[in-house]
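1. no sequence on this one, just coordinates:
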């Protein structure tokens, strides 16, 4: 039998994927790292979540509830939603991928805004679809630009609201205008991963649009304000027809039992959620003001992070700033992969971490930071 030089080849669209690279968490030689690179909750999980997760240690040999009934019930109770219209996943990333798998494919297009979450094009290409971007205005999704980019091949439109990595958002009226302007056969996916941080009165995570028809989905995550990024847990609220489809394509045990119990506890610990949101609101505003005083361009944000732009001077640019911060034990996120090479995304951490960040950037820019008393 002759040997063949051939090998199995993946679908062509898969090889077009630029693999997702998460935020850095370590600096060689540095023991205590201030990690402001991944938009994680700075307080960790709720103590109730940690306890609930630990209690599952003795039953790890048992398969979890494939329908996540108790978790869906807890989510429904917390947000006033019908549990039957909730689907849980291993992070909202899994649900995004499943939606692309089910509703797009070869010959179709998946549309999102210019600086949208990188998992949209990755999931689209993995499904064989073509990702398409629409230009933003002032780093904010533009409804008219999105509608103008729709073609007969468009099957899904993703809108991260608030958007990662810019922190900007569209008010409820603009999101409704987007939905009204799309064909009925186009699925609008509202990625509301940061909704729990929002205090703006004109914002909506999109529940009312899901309830209004059969073509809108809202996705959420436990990785941010609930501090459960390590367990991979997310959920979506969707019309019955989409729920049916997702339950057909997801794995039968796609959410682990410890993750479900941690999530249930998180839904019950409203005080922890409120404390986390209040801290974020205070220190996001403080950090934005201090960095603006240093002459940096800070994009207004309603998430738990700030997009900070440094301009094109290589000596005082984003790459040099990133290197300097690392020398001080601080890790933030470079934004070149999002088409923002002159910018850094900085998560809102603990009070002393934000003071250390501002001090370090003041040193980098050769300036004195202002009085940092909270």
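-> Structure's in. What do you need? All figures in this text were calculated on a predicted structure; none of them were measured in a lab. Residues are numbered from 1 along each chain as shown.

2. surely residue 166 is in contact with residue 115?
-> Yes. Here residue 166 reaches residue 115: they are 5.4 Å apart, a contact under C-beta atoms under 8 Å. All C-beta atoms are positioned from the backbone trio N, CA, C, and that covers glycine.

3. settle it for me: which of the two has more neighbours?
-> A direct count of neighbours by other C-beta atoms under 10 Å for residue 166 and residue 115 places residue 166 higher, at 29 against 24.

4. what touches both of residue 166 and residue 115?
-> Counting by C-beta atoms under 8 Å, 6 or more residues apart in numbering, the common neighbours of residue 166 and residue 115 are 136, 139.

5. identify the bridge partners of residue 86.
-> Counting by DSSP bridges, residue 86 is bridged to residue 237.

6. need the contact list for it.
-> 72, 75-76, 235-238, 243.

7. please repeat the previous calculation with a cut-off of 7 Å.
-> Each residue near residue 86 by C-beta atoms under 7 Å, 6 or more residues apart in numbering is listed here: 72, 75-76, 235, 237.

8. so which of those belong to helices?
-> Residues of the contacts of residue 86 located in helices (DSSP state H): 72, 75-76.

9. count the neighbours of residue 33 for me.
-> Residues near residue 33, counting by other C-beta under 10 Å: 15.

10. so what's it scoring on pLDDT?
-> pLDDT recorded at residue 33 is 91.

11. now do residue 373
-> 39.

12. going forward, count from 24.
-> Done: numbering now begins at 24, and the last item shifts to residue 396.

13. show me where pLDDT drops low in this protein?
-> For the chain, applying pLDDT under 70 flags the ranges 24-27, 48, 391-397.

14. could you rerun that using 90?
-> 24-55, 334-338, 390-397 (pLDDT under 90).

15. what about the strands in it?
-> Using DSSP state E, the strands of the chain run over 57-58, 109-112, 132-136, 153-157, 177-183, 210-214, 239-244, 257-260, 320-322, 328-332, 353-354, 356-357, 366-370.

16. strand partners of the longest one, parallel vs antiparallel please.
-> Taking DSSP bridges as the criterion, strand 177-183 sits next to strand 132-136 (parallel), strand 210-214 (parallel) in its sheet.

17. what's the answer for the fourth one, then?
-> Sheet pairing of strand 153-157 (DSSP bridges) gives strand 132-136 (parallel).

18. if we look at the partner strand, which residues are touching it?
-> Defining contact as C-beta under 7 Å, 6+ apart, one finds that strand 132-136 is touched by 123, 127, 143, 147, 152-157, 159, 164, 169, 172-174, 176-182, 186.

19. repeat that with 8 Å
-> Strand 132-136 has contacts (C-beta under 8 Å, 6+ apart) with 123, 127, 143-144, 146-147, 150, 152-157, 159, 164-165, 168-169, 172-174, 176-183, 186.

20. and these, which are buried?
-> With neighbours counted using 16 or more other C-beta atoms under 10 Å, the contacts of strand 132-136 contain these buried positions: 123, 127, 143-144, 146-147, 150, 152-157, 159, 164-165, 169, 172-173, 177-183, 186.

21. quick one on the thing from earlier: and the strands of the chain as TSV, adding distance to residue 35?
-> Listed next are the strands of the chain as TSV, based on distance: least, C-beta to C-beta, whole Å:
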stretch	distance to residue 35
strand 57-58	37
strand 109-112	27
strand 132-136	16
strand 153-157	12
strand 177-183	19
strand 210-214	24
strand 239-244	28
strand 257-260	29
strand 320-322	36
strand 328-332	34
strand 353-354	36
strand 356-357	29
strand 366-370	32
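
22. and those: which comes nearest residue 44?
-> strand 356-357 (9.5 Å; C-beta to C-beta).

23. please name every helix or strand in contact with that closest one.
-> Judged by 3 or more C-beta pairs under 8 Å, 6 or more residues apart in numbering; DSSP states H and E, the packing partners of strand 356-357 are helix 341-350, strand 366-370.

24. so how far is that strand from its chain's centroid?
-> 15 Å (C-alpha atoms, centre = their mean, to the nearest Å).

25. cool, stretch 151-164 as well?
-> Centroid displacement of stretch 151-164 relative to its chain, using C-alpha atoms, centre = their mean, is 16 Å.

26. also stretch 374-384?
-> With C-alpha atoms, centre = their mean as the basis, stretch 374-384 stands 24 Å off its chain's centre.

27. what residues does it touch?
-> Here stretch 374-384 makes contact (C-beta under 8 Å, 6+ apart) with 57, 59, 65, 306, 309-310, 313-314, 317, 319, 344, 347-348, 351, 353, 355, 369, 371-372, 392, 395, 397.
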